[in-house]
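# Structure for this input, please:
(one chain, ligands or ions: 1)
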Amino acid sequence: MIDSLVDVVVGPWPSLFLLLSISYLARNYFNRGLQKYPGPFLASLTDWWRFFDVLGRRPEITHNRLHKQHGDIVRLGPNSLSFADPQALKTIYGLNKGFTKVSTSPAHSSCSNAKLYKSEFYPVIQALSKGERLPSLFSTTDEQYHAELRKCVSGAFSMTAVIQYEPAVDSLMEKFLDQTEALFVSKNAICDFAKWLQFLAFDVIGEITYGKRHGFVDQEEDIDGMIGYLGRLINYVAPVCFRITPSSPWLIQFISSQIGQIPMLDSILLKNPLILFLDRYDIKAFTFPVVAFAKARIAERFVDLASQKQPSDPFPTTTHQGDLLSTFLKAQESRPQFFHHGRVLTMAVTMAVAGFETTAISLAAVFYYLLKNPHCYEKLVAELDDAVTSGVVENRPSGLVSWAESQRLPYSDACIMEAFRLHPAIGLPLERVVPPGGAEICGELIPGGTIVGCSAWIVHRRPEIFGEDVDSFRPERWIEAGTESRRVMEGTMFQFGMGARACIGKHISLLEVYKNVPSFLRRFEVCGFSVSFPSFGLVVVVVVTTRLRSRC
Ligand code: HEM
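Residues are numbered from 1 along each chain as shown. Just a heads-up that it's a prediction; the model follows:
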């Protein structure tokens, strides 16, 4: 009796479950006809393949191997394709050339004239404030909103505007060099260089955004745990190859590392209704420290504006006239309806989220490759010494090199370009969604709704563009290239993205990297180092530990 009851209740379920699972996997496999593109079989069945690949922390190595094995198009998920051919950059990210706004109606869209939108990967990085998402310039998938927002602020990020920040960056860099001397050189102490560069990058962003540095370099500590917090956030999203300390609990690493690969998980984990509800009522545990910091700075600014006096900061600062916050507030005055308070806040938060770790990684990468290639290091130092002797670079006691001077140091430029090429900060393809009518990419008609993307780690290693020795750090390739080859090489560089969604903070980073590398090497000699990759660290992070000696 009981047996037959169990048979009735349990009987059909296992078979039904099996049938449903097989149908689900088969539907994924044949999704949009993408089965014709090669790739790992498991990737064609489920996005969990991507999830576990990113969990392995070296997705760019997997992608490189897969492209070598299968060619220019690889299927990385039931609905996603990775392209290796640099021609794809123009189609996927290019600034229109006949592309128009996307039409949601397939009847009105065609494969040649629609724009590719960012995928659902991006909203995972959105911060929360009062239970509301803060869609930013970086994370929004709404192209119209993006275009309007970018128009409001883009003037503040041109090279001409960014150059105005140089005196502020100089004062901070001088402090950074002096602190390096005091904390590491004079004590002959070991320097966790990658972390030290993170402190610098965060302070530079603070200085440029608020005319006030956070104090990371002055205090030699992660103020309010902001760097730690942003590390966890970006690790959660996993667009950036990132460091996570091996000591972080395994479960946290596991849960938090690859949500961007299956964005739906974000609505269950960090942005579920309970968390949104608690955040709305300012439950402290869910407040994003970077948002809290930005709110405090904006509030201070309003007080300053009201009292028309300069604030009393604990650290020396520049004036507020030229910082990004004052530009955002001016934009707010001219378009108060659109660029309201929440959006000013979002812009300020985005500066830290998008700008600090990418710059710190890129700086660390330059030093990493120089230390790994001593002949390049020596050649660069010789170039600097000659430049000082010949007056190309002024002999300042601080060792500082100005932006204009840095532009007259060809070998330094070549080393930086080569580090950007071999070690772009972002380690995954920048995903876009093909519009409903489909798109022709590299001669293939890709169905609408497919996620497509290119990874800088792949396109930067194309031998037909960069030469046969693409895996070697050889700065000379940038000097030896003729004008046309150099133009093509530069046009293929994808570390800052491309097109309408390209990095708006590029010039800020270039200012920092181009000044910092020669300034640091003028002032210090790196006389011992070790480089390691934490076992659970994402690849781009270079953990460089150094001993330093003064050169002056
Ligand atoms: C070396 C340093 C940097 C690298 C490698 C880098 C890389 C990138 C890349 C690849 C994108 C495009 C993402 C995509 O298309 O999906 C991007 C966008 C962006 N970056 Fe950067 N970035 C750097 C520094 C900065 C800095 C310093 C800031 C701000 C102060 C910044 C702010 C942004 C913003 C706001 C966007 C979104 C732009 C838009 O969609 O209009 N970045 N960055």
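# residue contacts, the residue of the stretch 251-400 of the chain at minimum distance from the ligand?
Per CB to the nearest ligand atom, residue 355 is where the stretch 251-400 of the chain lies closest to the ligand, at 2.9 Å. Quick note: C-beta positions are derived from backbone N, CA and C, even for glycine. Counting by CB atoms under 8 Å, 6 or more residues apart in numbering, residue 355 makes contact with 201, 205, 505, 508-509.
# Would you map the helices across the stretch 301-450 of the chain?
324-334, 341-372, 374-389, 403-406, 410-422 (DSSP state H, counting those that start in this stretch).
# Adding mean pLDDT, write these out as a markdown table.
Formatted as a markdown table, the helices of the stretch 301-450 of the chain follow (pLDDT from 0 to 100):
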| stretch | mean pLDDT |
| --- | --- |
| helix 324-334 | 91 |
| helix 341-372 | 88 |
| helix 374-389 | 96 |
| helix 403-406 | 98 |
| helix 410-422 | 97 |
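# closest one to residue 178 among those?
Taking CB to CB, helix 341-372 is the member of these nearest to residue 178, at 18.0 Å.
# That closest one vs helix 410-422, what angle?
110 degrees (axes from the mean of the first three to the mean of the last three CA atoms, to 10 degrees).
# ok now do residue 479, which residues does it touch?
Contacts of residue 479 by CB under 8 Å, 6+ apart are 410-411, 414.
# what about burial for those, which qualify?
411, 414 (16 or more other CB atoms under 10 Å).
# Of all residues in the stretch 151-300 of the chain, which one is closest to the ligand?
Counting by CB to the nearest ligand atom, the stretch 151-300 of the chain gets nearest the ligand through residue 205, at 5.8 Å.
# Do I have it right that that residue meets residue 352?
Yes. The pair residue 205 / residue 352 is scored as a contact, 5.6 Å apart, by CB atoms under 8 Å.
# So which of the contacts of residue 355 wins on neighbours?
residue 201 (28 neighbours; other CB atoms under 10 Å).
# about what we covered before: could the contacts of residue 355 be laid out in TSV, adding secondary structure?
Listed next are the contacts of residue 355 as TSV, based on DSSP: H, G, I helix; E, B strand; the rest coil:
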residue	secondary structure
201	helix
205	helix
505	coil
508	helix
509	helix
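# and this protein, which residues reach the ligand?
Within the chain, the positions lying close to the ligand (CB under 6 Å from any ligand atom) are 137-138, 150, 205, 350-351, 354-355, 358-359, 362, 425-426, 430, 495-497, 501-505, 508-509.
# quick one: the strands in the stretch 51-200 of the chain?
73-77, 80-83, 117-118, 127-129, 132-134, 191-192 (DSSP state E, counting those that start in this stretch).
# I'd like to know which of the contacts of residue 479 is nearest to residue 55.
For the contacts of residue 479, the nearest to residue 55 is residue 414 (35.8 Å; CB to CB).
# Isn't the closest one up against residue 476?
Yes. When contacts are counted by CB under 8 Å, residue 414 is listed as touching residue 476 (6.8 Å).
# circling back to that earlier point, quick check, nearest of the contacts of residue 355 to residue 130?
Of those, the one sitting nearest to residue 130 (CB to CB) turns out to be residue 205, at 23.9 Å.
# how about the nearest residue to the closest residue to the ligand within the chain, chain neighbours excluded?
Here the residue of the chain nearest the ligand is residue 505; by CB to the nearest ligand atom that distance is 2.0 Å. Leaving out its chain neighbours, the residue that sits closest to residue 505 by CB to CB, 6 or more residues apart in numbering is residue 355, at 4.8 Å.
# Could you point out the helix or strand that follows the strand or helix carrying residue 478?
Element membership for residue 478 (DSSP states H and E) is helix 476-480. Next in sequence after helix 476-480, counting helices and strands by DSSP H and E, comes helix 483-492.
# Now do the end-to-end distance for stretch 483-502.
24 Å (CA to CA, to the nearest Å).
# For it, which residues meet the burial criterion?
For stretch 483-502, using 16+ other CB under 10 Å, the buried residues are 489, 492-499, 501.
# List of residues touching that stretch?
86, 89, 93-96, 118, 143, 146-147, 150, 362, 417, 420-421, 424-426, 430, 454, 456, 459-460, 462, 465-466, 477-478, 481, 503, 506, 509.
# who touches stretch 463-470?
Here stretch 463-470 makes contact (CB under 8 Å, 6+ apart) with 86, 421, 460-462, 474, 477, 488-489, 492.
# Buried ones in it, by neighbour count?
Applying 16+ other CB under 10 Å to stretch 463-470 flags 465-466, 470 as buried.
# my read: residue 359 touches residue 203, true?
No. Look at residue 359 against residue 203 with CB under 8 Å: they stay out of range, at 11.2 Å.
# sorry, back to before: and the pLDDT for the residue of the stretch 151-300 of the chain closest to the ligand?
On the pLDDT scale, residue 205 is placed at 92.
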